[in-house]
Structure formats: structure tokens, C-alpha cells
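A.B. asks: 3D model of this:
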Amino acid sequence: MAVQNDLDKAVAALQDPSVKSYTYKGKKYSLTELRDKLIPQLRKVVEQEQKSESEAASIIATSNKAVRDAEARVKTYEGIVVTDRRAFAKGNISEIELEATEQSLADSIVALNRLRGVEPVAGTTAPRGGTPSQVAAARTALRASERAVTVPTPTVPTPTEPTPTEPTPTEPTTDKIKKGGKKQPTPTGTGPLGLTAKTRADVIKLFPQFASSFDGGEGEQALIDFFGQDAIDLMVKAGTTDTYAYLETDGGLATYRRDFENTAYGQRTTQAQQDFDVKPQNQTVLIKAKQDEITKSYADLQLTQTQLQEVAKEAARNGTAGDALRFAVYNYAYKGNQVTATESALADQIRNAGKAYGYTVSEDKLKAALTGNPYLGRMVTQESLLQEAQAAAKGFYSHLADQIDSGLTLEDIFYNYRMYASRTLGVDPNEIDFMKDSKWADAFGTKDTGQLSLNDWTRKLKTDDKYGWQFSDEANQTATKLVADMEKAFGFRK
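C.D. replies: Residues are numbered from 1 along each chain as shown. Got it, this is the predicted structure:
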């Protein structure tokens, strides 16, 4: 695991006597920060990954046996349907009895598809609205496996025994008349779509990924709520007529896609969203890939498992990548833990870029740049904040504009002044900050005086009491030497 490698390197660096600081993903950590902040963060991510892998292995092992059992049931019912079709053709059983057998086969296929990834077995109520895996696959609670293989309903009739057609209610045929001349009732549709069991079986055969949703109940209604009545009617039409050649030809598939695009759902969604919605068997893989990408790139945000699942699912459905993915992740981070978001490596990078020009990036602008949301009606980016910082520096120190345009920051220009002040005053250079204490900014000079030379800067440090040179070791040594020289001059010392 990549994060495990990062953790190992961080621990090794902490134990290395030669290491004074540690840089991880562009952010510099002191030894204390390495020990108390970075290493615990990395350990937490590693533990989450190990836990997820262990849970996945357990789920897959448990589901494999259930899949084998479900496959056996499907095979058994396939044989029964073939037998009952022949019996029906000979008039030995009623159509209602045949439909009951076909429904048992359809139910066994639904159960198998659930186990293989289209929908889990757990759950009894399909939620209204929500994501396509909740609506189209119905009652999704936990994927039993990352595999999603669908089993089509077999073609039952033989060449010598054609399947009887359904007559209209007003035109009964001899196929509907059983022993004793008793008329058999015409099957009626049920559920939100008003479909018969046979019609549902035909639709499921063409769209097995939605087998569990065509249940004649809440799952069917949830499917309508998500895709819209016109899109579901199109699916039924494709599964029960040869209008689209049952999607078995390139021409039929192209025509179906064109008509699907013209539905209300097709008009309001992108191609990426449609691919995600109509292929629920692929969603687990796509979401897992996004989770891995987010965990690898944004581990320092410490998203919760719930946040990670939500943002990964949204990104997988929308095909989000690059800057758009970063914006999505930071929006979730700000909702969950704003402190973590503002202390991230990228946040520090943006702040430090502004600080190099003596510019303080406000928290509101920082949030806008990280999340991609507008600030006061305009978009803010990392690049635009850098340009603001450069413009502010040139506005304040116009005589330094040429140096700034050449690529130097105020920090670059101030570097030698800081070193001279440190040696002259005996002060830690890290304590000399022209943004925190304006007296250090005197080194930049003004438009009238220009930038100070290093000699002028040294003279100013020693003559201006606000710098405290008079209390420095160098001042004491100079005063002691001066007194000694005077004593020698007056004969008080040899």
C-alpha cells in the first residue's frame, strides 16, 4: 500500500539523527509535527485500508457459497419452465400455472443478480429517489461482491412447439379453453407499470441489471421516480417488441440510444451519469477506484468513511477528475471538519505563496480557491491569489516592481537583510519576519529613498534603538574594547 510506504518513510525519518525536518507532499513538518501530527494521520489511513480489505475478503468468502446455491436454483427452475412450456402447449396446464413457474424463475434470477452485485440480498424496502443504485437496483445496502454477472432468462420454446400468443380479452381462442369447455381468465397487469409476469420476465431478460427493480411494487415505483415514466416505458418497449431489434443489432441499439437521449432523464443527465446509472453492476468498481484516488491524494484531510463514500460515489457518477475532483473533496472536507481543511498541505501552500509577497490570504478567499465556489461573485484560484499578492507587493513597493516581475518575491529580496540582521543583533533568523514586525520592512526602503544597501542596513541596525543593537553581544564587546582602548590611551592600562 502506498500509504504504508509513506508511513514507513516517516517513521524512519523520525528515528534518523541527521533529519532536522521532514517534507511530505510539499508541506514541511518539524520533528514535533512529524511525531504528533503526520505519523498519527498516516497510521489512521493505513488502519482504515487494512480494515476495509479484511471486511471485503470476509464478505466475498461468504457470498461465494450463496452464489453457487443460487445458480443451482436458477438451473433447476430453467428446467421446470421448459417442461411446463411443453405441458402448456399440449393443454395439460393453465397459463396461470405457467406464469407462476416463470415467476419463480424470474425471482431466482433476481436473487442471483443480487448476490452477484446488482443488488444485495439484505433490505426489504426500496427507497424513493436517491442514487441510481438505490432506485434502479432497489434497496442497496451492501454489495455482496465486486463481481456483477447477470443471467439472462433462457429462450424456452423449441422449433416444433411454438409459444402460444396472448389473445385479446374480447377474442378468446381455443388455447384458452380447457377441459370441460371452461374459459381461462386473461392475465392482467399489476404494479405501477401494469405489467404481467411474462412481460416483466421479457424486460428483465433484456435489462437484467434492473431485475430486482421490476418487482411490481416499491422497487418499480422507485425506478420510475428516478428515471421517469417515459424512460421506463422505453425500456418496456425495447424488451417486449422488436422496435429496437431487442438491442441485438447496431442499428437497433443506436435507435434506442437516440430515443433514450430524448427522454426527460436523458436531457437532464450527462453521458457519464447515464453510463453510471444504467450499469449498476459497474458502480462498485468505479466508486472503489475513486475512493483509492481520493485517499491517496487527500489523506491529510482525514475524511470520514461516510464522507469518503459519498464524495467518491458522486465523483464516480459524474466522471469527476482533476481540479473538479479537488473542489468536490474540499467541499466535503469543509462540511465535516473545516479545521482539517484549512490546515491541509494545499492550504499552507497557498498561504505561504501569498506570505512570500507580504500578503495575507483571507480565510474566505482560501476556502473559495480550495472549493471552487465564488467569492463576492467571482471565482478565486490559486493562480489569481498569487497575482493579487504580486500586485499588492508592487503597489506597496513600486521601486521593487522590476525585481518582482523578474520572478523574485519579497522573501527572496529580504533574505540577505535577514541574515545580516541575525548576525548583527544575535537574533534567530526565524524570528525576523517583516510581516509580523514592520520595522524589518525598513530594509525595502521607499520609492523616494530606494532599497537600502547592506551597508546602510547594517548602519541602521546599529544606530536605530528600535532594533536593540545596544543590548546585543556585539555592542557589549564594542563598548568593552572602546573602554579598554581609552584606558590604554590615558595610561590606566598597559
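
A.B. asks: does L7 sit in a helix or strand, and which one?
C.D. replies: Using DSSP states H and E, the element containing L7 is helix 2-15.

A.B. asks: run through who's touching that helix.
C.D. replies: Helix 2-15 is contacted by residues 19, 22, 24, 31, 34-35, 38-39, 42-43, 45-46, 49, 295-296, 299 when judged by CB atoms under 8 Å, 6 or more residues apart in numbering. For the C-beta atoms, the positions are set from N, CA and C on the backbone; glycine is no exception.

A.B. asks: now the residues you listed: which count as buried?
C.D. replies: Y22, Y24, L34, L38, I39, L42, V45, V46, E49, T295, A299 (16 or more other CB atoms under 10 Å).

A.B. asks: where strands are concerned, which of these count?
C.D. replies: Residues of the buried ones among the contacts of helix 2-15 located in strands (DSSP state E): Y22, Y24.

A.B. asks: min pLDDT across the buried ones among the contacts of helix 2-15, which one?
C.D. replies: Among these, E49 has the lowest pLDDT, at 72.

A.B. asks: next, count neighbours for the residue nearest to S422 when sequence neighbours are not counted.
C.D. replies: Excluding its sequence neighbours, the residue lying closest to S422 (CB to CB, 6 or more residues apart in numbering) is P429, at 4.2 Å. By the criterion of other CB atoms under 10 Å, P429 has 13 neighbours.

A.B. asks: how far away is P429 from F414?
C.D. replies: P429 is 11 Å from F414, where distance means CB to CB, to the nearest Å.

A.B. asks: can you tell me the SS state at T360?
C.D. replies: Counting by DSSP: H, G, I helix; E, B strand; the rest coil, the backbone at T360 sits in coil.

A.B. asks: just the element for K335, please.
C.D. replies: Using DSSP H and E, K335 sits in helix 322-336.

A.B. asks: okay, buried residues for that helix please.
C.D. replies: Buried residues in helix 322-336 (16+ other CB under 10 Å): L325, R326, A328, V329, Y330, N331, Y332, A333, Y334, G336.

A.B. asks: what's the burial count for L7?
C.D. replies: 19.

A.B. asks: how near is it to Y298?
C.D. replies: From L7 to Y298 the distance is 16 Å (CB to CB).

A.B. asks: now T32
C.D. replies: Distance, T32 to Y298, by CB to CB: 24 Å.

A.B. asks: likewise A12?
C.D. replies: As for A12, its distance to Y298 is 24 Å (criterion: CB to CB).

A.B. asks: same thing with Q403?
C.D. replies: 36 Å.

A.B. asks: check A333 too.
C.D. replies: 8 Å.

A.B. asks: ok so, going back, max pairwise distance over the buried ones among the contacts of helix 2-15: which two?
C.D. replies: Within the buried ones among the contacts of helix 2-15, Y22 and E49 form the most distant pair, 21.8 Å apart (CB to CB).

A.B. asks: where in this structure is pLDDT low?
C.D. replies: The chain contains residues with pLDDT under 70 at 1-2, 52-65, 114-187, 472-494.

A.B. asks: now do the contacts for the residue nearest in space to the middle of it.
C.D. replies: The centroid of the chain falls nearest to A312 when counting by CA atoms, centre = their mean (2.9 Å). If you count contacts by CB under 8 Å, 6+ apart, A312 has them with I287, K288, K290, Q291, I294.

A.B. asks: please, which helix or strand holds K28?
C.D. replies: K28 belongs to strand 27-30 when elements are defined using DSSP H and E.

A.B. asks: list the buried ones in that strand?
C.D. replies: Buried, per 16+ other CB under 10 Å, within strand 27-30: K27, Y29.

A.B. asks: parallel or antiparallel, list what pairs with it.
C.D. replies: Note on strand 27-30: by DSSP bridges, its sheet partners are strand 21-24 (antiparallel).

A.B. asks: quick one: residues in contact with the partner strand.
C.D. replies: By CB under 8 Å, 6+ apart, the list of residues contacting strand 21-24 from outside reads D6, A10, A13, L14, K28, Y29, S30, L31, L34, L38, A345.

A.B. asks: again, 7 Å this time
C.D. replies: Contacts to strand 21-24, defined as CB atoms under 7 Å, 6 or more residues apart in numbering, come from residues A10, A13, K28, Y29, S30, L31, L34, L38.

A.B. asks: return the closest of those residues with respect to E71.
C.D. replies: Using CB to CB, those come closest to E71 at A10, 47.7 Å.

A.B. asks: spatially nearest residue to I80, not counting backbone neighbours?
C.D. replies: Using CB to CB, 6+ apart, the nearest residue to I80 is T101, at 5.7 Å.

A.B. asks: list the contacts of the one you found.
C.D. replies: I80, V81, D84 are the contacts of T101 under CB under 7 Å, 6+ apart.

A.B. asks: likewise for R351?
C.D. replies: V361, L366.

A.B. asks: first vs last residue of stretch 423-432, how far apart are they?
C.D. replies: 12 Å (CA to CA, to the nearest Å).

A.B. asks: which of the residues in that stretch are buried?
C.D. replies: T424, L425, I432.

A.B. asks: out of those residues, which comes closest to R257?
C.D. replies: Distances from R257 to the buried residues of stretch 423-432, taken by CB to CB, are shortest for I432, at 66.9 Å.

A.B. asks: how close does that closest one sit to R418?
C.D. replies: According to CB to CB, I432 and R418 sit 5 Å apart.

A.B. asks: hey, C-alpha coordinates of stretch 315-330 in PDB?
C.D. replies: Extracted in PDB, the C-alpha atoms of stretch 315-330 (Å, rounded to 0.1, in the frame of the first residue of the first chain):
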ATOM      1  CA  ALA A 315     -17.300  11.700  -8.400                       C
ATOM      2  CA  ALA A 316     -17.700   8.300 -10.000                       C
ATOM      3  CA  ARG A 317     -21.200   9.100 -11.300                       C
ATOM      4  CA  ASN A 318     -20.200  12.500 -12.700                       C
ATOM      5  CA  GLY A 319     -16.800  11.300 -14.100                       C
ATOM      6  CA  THR A 320     -15.100  14.000 -11.900                       C
ATOM      7  CA  ALA A 321     -11.300  14.300 -12.100                       C
ATOM      8  CA  GLY A 322      -8.500  16.900 -11.800                       C
ATOM      9  CA  ASP A 323      -9.400  20.300 -10.300                       C
ATOM     10  CA  ALA A 324     -13.100  19.400 -10.300                       C
ATOM     11  CA  LEU A 325     -12.400  16.300  -8.000                       C
ATOM     12  CA  ARG A 326     -10.300  18.500  -5.700                       C
ATOM     13  CA  PHE A 327     -13.100  21.000  -5.400                       C
ATOM     14  CA  ALA A 328     -15.600  18.200  -4.600                       C
ATOM     15  CA  VAL A 329     -13.300  16.700  -2.000                       C
ATOM     16  CA  TYR A 330     -12.600  20.100  -0.300                       C
END
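
A.B. asks: correct me, but Q451 touches A441?
C.D. replies: No - applying CB atoms under 7 Å as the test, Q451 and A441 come out as separate, 11.4 Å apart.

A.B. asks: which positions within stretch 296-314 qualify as buried?
C.D. replies: The neighbour-count check on stretch 296-314 (16+ other CB under 10 Å) flags 298-303, 307-308, 310-314 as buried.

A.B. asks: and what of stretch 255-272?
C.D. replies: Using 16+ other CB under 10 Å as the test for burial, stretch 255-272 gives T255, Y256, D259, F260, T263, Y265, G266, T269.

A.B. asks: from V81, how far off is A368?
C.D. replies: 61 Å.

A.B. asks: before we move on, back to that, let me see the backbone angles for the residue nearest to I80.
C.D. replies: phi -70, psi -40 (degrees, to the nearest 10).
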